[in-house]
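A.B. asks: Pasting the sequence and the predicted coordinates here, then a few questions.
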Amino acid sequence: MGAPLYSISDLVHVYRAKPVLRIGRIEIPTGCIVGVIGPNGSGKSTFLRLAGFVEKPTAGEIAYNGKPAAPFSPEVRHKVSLMSQEPFLMKRTVLNNVAYGLRIRNDLNRLEQRVHAALAWVGLDAKEFAKRPSYALSGGEAQRVALAARLILKPEVLLLDEPTASIDALSAQLIKDAALKAQRDWGTTLIIASHDWQWLYGVCDRVVHLVRGRLMGSGRENIIFGPWEPGENGLWGKVLSDGQRILVQKPPEALSAAVIDHAFIVPADQPFPDGENQVRLTGLITRLALEKASGDIVGSVLVANIPFTATLTENQVLENGLYPGRCVHLLYDVNSVRWF
Amino acid sequence: MDFLLQGLLKAFEILITFDPETFSAVYATLIVSAYSLAVTLILGLPLGFCLGYFDFRIKKQVRVVVDTMLSLPTVFIGLLVYAFFTNRGPLGDLGLLFTLPGIAVGLTILALPIVIALSATAVESMDRQLRVTLISLGANRRQLFLSTLWEARLSILAAALTAYGRVMTEVGIAMMVGGNIKWQTRTITTAIALETNKGEFAAGIALGLVLLLIAFGVNVSVSSLRKRY
């Protein structure tokens, strides 16, 4: 970790007169791995396109190494590379796709050998794939070729937008490994948007949560969207598909999003601390993931059809015998709910 | 039917013996179509790229104008060019009336909207991810333009081919601006019109065959280019 590579301030991006991204301030240090999580349409891809200097923000500044930068700026043009969610390959052979970036840099030294090495990096046999036209590749192979085309450039920053979405498990693993190797070997800063939060928590130095175009925090917050309906005792609620109710204090608006920062998990067959303001939901543990940055364990609990996350210590997991598939109670304080 | 068959046989004879008058018309056609296509591509490709690639305020209106020009009657273009190039016209001093370059100017006006409209459509219909990919791989603005054109090459080739076909087979402009002068500005199409009026079917068929042969040659070349990817 070093000085901030990115300093982003007062960033606003508007699409068709609708603001899709508003970020007050965020700094990203050199050489770290940053994960971006959030629901579909939360602005993850927009954030990556702006940070990848592919698009210019409507307002605000993105400074790279302390200097304001924009698309085509010489400070960033050959240093930052974005790989989109849908791999796009040009109507050329695999070799020419991977070599494109080097050719436009006029860096032709041992070109073919370097292309072969880049393909090997992503688990593709150059003898088999180099001469293939791009249309003769499967989705996973195309995604790996797209990554090889970026890795060959040894970028300072590699932005990956849903790199493992809708591809086979082997390709997904090879892409993950190749990206992490770039970070290890060259100190490449990785910014990864993904729904695979288990992976992100496992590898990222920092995870940020984007919701409705705004940064929410570490990604461990539970965000529940309205509509909310008035209920008993002055509380409002949202009825889930299995009949359980998420209870909150009166929301600012019926459609506001509730943020539950801290939720606790206890096994369903064990007694739990009862409190006046405590809300209890019942669900199943679906995943447990180790967070690289804190060493904590992040648990995901599916309540009806809504996934909740809660932070656990190793002791809590061991003592309570928590494991995926176990029925648990999820507890939170109704007064701790924030509004967004 | 006999006269058609005889005409066909005579046509082969004309071609095999390299009849100078026929080949003068072929030469004139190749020259004017090459000139006009070269100018059309030089002007039309960048304009078509800009029209398809960039969003600007009057884009839709420009598009309507270009699309309208696709259906300009050739005799109207001929009339317009004639009016400009005649001695009394604003460009009369250039002396282009009844010359091959004069015909090429008229044919360029005919072909330009075709190349602009079709290449704009080709660029518009390209995957939006191409731009993102090229910038992400470090392309500057010039490389972005050239690579986008290269990616759209098959569609642009089709645009050029369409324009070439239109230019090769045009009669009205060549007749009005060129004057159909023997050994000078007589093109294949104006020669066919003349020979048909004279009842000389053999010469007309011979010229028609040459036209078909050129079209076939161009299409085969384009197909082989397509297969290279």
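C.D. replies: Good, I have the coordinates. Note that this is a predicted model, so its numbers are computed, not measured.
A.B. asks: And for A:Gly213, the neighbour number?
C.D. replies: 22 (other C-beta atoms under 10 Å in any protein chain shown). The way it works is simple: take the backbone N, C-alpha and C, and place the C-beta from them, glycine included.
A.B. asks: same question, A:Ala63
C.D. replies: For A:Ala63, using other C-beta under 10 Å, the count is 16.
A.B. asks: Whether the one helix or strand it maps to contacts chain B - can you check?
C.D. replies: A:Ala63 is part of strand A:59-64 when elements are defined by DSSP states H and E. No: Strand A:59-64 lies apart from chain B when judged by C-beta under 8 Å from any C-beta of the partner chain; the minimum separation is 14.5 Å.
A.B. asks: what's A:Asp296 in contact with, if anything?
C.D. replies: Residues near A:Asp296 by C-beta atoms under 8 Å, 6 or more residues apart in numbering or on different chains: A:290, A:311-313.
A.B. asks: What distance do you get for it to B:Tyr53?
C.D. replies: According to C-beta to C-beta, to the nearest Å, A:Asp296 and B:Tyr53 sit 49 Å apart.
A.B. asks: ok, now A:Gly123?
C.D. replies: Taken as C-beta to C-beta, the span from A:Gly123 to B:Tyr53 is 36 Å.
A.B. asks: cool, and A:Leu235?
C.D. replies: A:Leu235 is 55 Å from B:Tyr53, by C-beta to C-beta.
A.B. asks: Kindly report the same for A:Ala178.
C.D. replies: 33 Å.
A.B. asks: which residues touch stretch A:212-224?
C.D. replies: Outside stretch A:212-224, the residues that touch it by C-beta under 8 Å, 6+ apart are A:13, A:19-24, A:26, A:35, A:37-39, A:42-43, A:46, A:197, A:200-201, A:206-211, A:238, A:246, A:248, A:257-261, A:263, A:298, A:306, A:308-311, A:340.
A.B. asks: Buried residues in that stretch, which are they?
C.D. replies: Within stretch A:212-224, the residues scored as buried using 16 or more other C-beta atoms under 10 Å in any protein chain shown are A:212-216, A:218-224.
A.B. asks: Also stretch B:41-60?
C.D. replies: Buried residues in stretch B:41-60, counted by 16+ other C-beta under 10 Å: B:41, B:44-45, B:47-53.
A.B. asks: Residues of chain B that sit close to chain A?
C.D. replies: Residues of chain B lying near chain A (C-beta under 8 Å from any C-beta): B:127, B:129-133, B:135-141, B:143, B:147, B:151, B:153-154, B:229.
A.B. asks: Mind checking which of these are in helices?
C.D. replies: If you go by DSSP state H, the residues of chain B next to chain A have B:129-133, B:135-136, B:141, B:143, B:147, B:151, B:153-154 in helices.
A.B. asks: Make CSV from those residues and add neighbour count and pLDDT to it.
C.D. replies: What follows is those, written out as CSV (neighbours: other C-beta atoms under 10 Å in any protein chain shown; pLDDT from 0 to 100):
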residue, neighbour count, pLDDT
B:Gln129, 16, 88
B:Leu130, 19, 92
B:Arg131, 18, 92
B:Val132, 22, 93
B:Thr133, 28, 95
B:Ile135, 24, 95
B:Ser136, 28, 95
B:Arg141, 10, 91
B:Gln143, 17, 94
B:Ser147, 19, 93
B:Glu151, 20, 89
B:Arg153, 16, 87
B:Leu154, 14, 86
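A.B. asks: thinking again about what came up before, as a markdown table, the buried residues of stretch B:41-60 with secondary structure and pLDDT would be great.
C.D. replies: As requested, the buried residues of stretch B:41-60 are exported to a markdown table (DSSP: H, G, I helix; E, B strand; the rest coil; pLDDT from 0 to 100):
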| residue | secondary structure | pLDDT |
| --- | --- | --- |
| B:Leu41 | helix | 95 |
| B:Gly44 | helix | 95 |
| B:Leu45 | helix | 92 |
| B:Leu47 | helix | 94 |
| B:Gly48 | helix | 93 |
| B:Phe49 | helix | 90 |
| B:Cys50 | helix | 91 |
| B:Leu51 | helix | 93 |
| B:Gly52 | helix | 90 |
| B:Tyr53 | helix | 88 |
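A.B. asks: Pull the most distant pair out of these.
C.D. replies: For those, the maximum inter-member distance is 17.0 Å, found between B:Leu41 and B:Tyr53 (C-beta to C-beta).
A.B. asks: and B:Val218, what does it touch?
C.D. replies: B:161, B:164.
A.B. asks: Give me the distance between the residue nearest to A:Ile260 when sequence neighbours are not counted and A:Leu147.
C.D. replies: Nearest in space to A:Ile260, with sequence neighbours left out and distances taken as C-beta to C-beta, 6 or more residues apart in numbering or on different chains, is A:Asn222 at 4.2 Å. According to C-beta to C-beta, A:Asn222 stands 33 Å off from A:Leu147.
A.B. asks: Likewise for A:Pro307?
C.D. replies: Per C-beta to C-beta, A:Pro307 is found 28 Å from A:Leu147.
A.B. asks: What helices and strands are in contact with the host helix or strand of A:Ile265?
C.D. replies: Here A:Ile265 sits within strand A:264-267, counting by DSSP H and E. Strand A:264-267 is packed against strand A:306-312, helix A:314-320, strand A:327-333, with contacts defined by 3 or more C-beta pairs under 8 Å, 6 or more residues apart in numbering or on different chains; DSSP states H and E.
A.B. asks: Can you give me the neighbour number for the residue in the stretch 101-250 of chain A positioned nearest to chain B?
C.D. replies: Taking C-beta to the nearest C-beta, chain B has its nearest neighbour within the stretch 101-250 of chain A at A:Gly101, 4.0 Å off. A:Gly101 is flanked by 23 other residues according to other C-beta under 10 Å.
A.B. asks: show me where pLDDT drops low in the stretch 201-340 of chain A?
C.D. replies: Scanning the stretch 201-340 of chain A for pLDDT under 70 picks out the ranges A:218-219, A:273-274.
A.B. asks: what about 80?
C.D. replies: A:217-221, A:270-276, A:292-294, A:340 (pLDDT under 80).
A.B. asks: all strands for it, in order.
C.D. replies: A:206-211, A:214-217, A:222-225, A:229-230, A:236-239, A:245-248, A:257-260, A:264-267, A:278-290, A:297-303, A:306-312, A:327-333, A:338-339 (DSSP state E, counting those that start in this stretch).
A.B. asks: Could you do the stretch 1-150 of chain A as well?
C.D. replies: A:4-15, A:18-29, A:33-37, A:59-64, A:67-68, A:80-83.
A.B. asks: right, so the ones you listed: which one is the most enclosed?
C.D. replies: strand A:80-83 (a mean of 27; mean count of other C-beta atoms under 10 Å in any protein chain shown).
A.B. asks: Run the contact check for that one versus chain B.
C.D. replies: Yes: against chain B, strand A:80-83 shows contacts by C-beta under 8 Å from any C-beta at A:80-83.
A.B. asks: which one in chain A is furthest away from the centre?
C.D. replies: No residue in chain A sits farther from the centre than A:Asn233, which is 38.6 Å out by C-alpha atoms, centre = their mean.
A.B. asks: isn't B:Leu118 right up against B:Leu154?
C.D. replies: No: assessed by C-beta atoms under 8 Å, B:Leu118 is found out of contact with B:Leu154, at 11.7 Å.
A.B. asks: where does residue 90 fall, phi/psi-wise?
C.D. replies: Looking at chain A here, since you left the chain open. Dihedral pair for A:Met90: phi -80, psi 160, per degrees, to the nearest 10.
A.B. asks: oops, I was thinking of chain B
C.D. replies: phi -60, psi -20.
A.B. asks: Just say helix, strand or coil for the closest residue to it other than its chain neighbours.
C.D. replies: Take B:Pro90 and drop its neighbours on the chain: the residue closest to it by C-beta to C-beta, 6+ apart is B:Phe84, 5.9 Å away. Put simply, B:Phe84 is helix when judged by DSSP: H, G, I helix; E, B strand; the rest coil.
A.B. asks: Nothing else from me, thank you.
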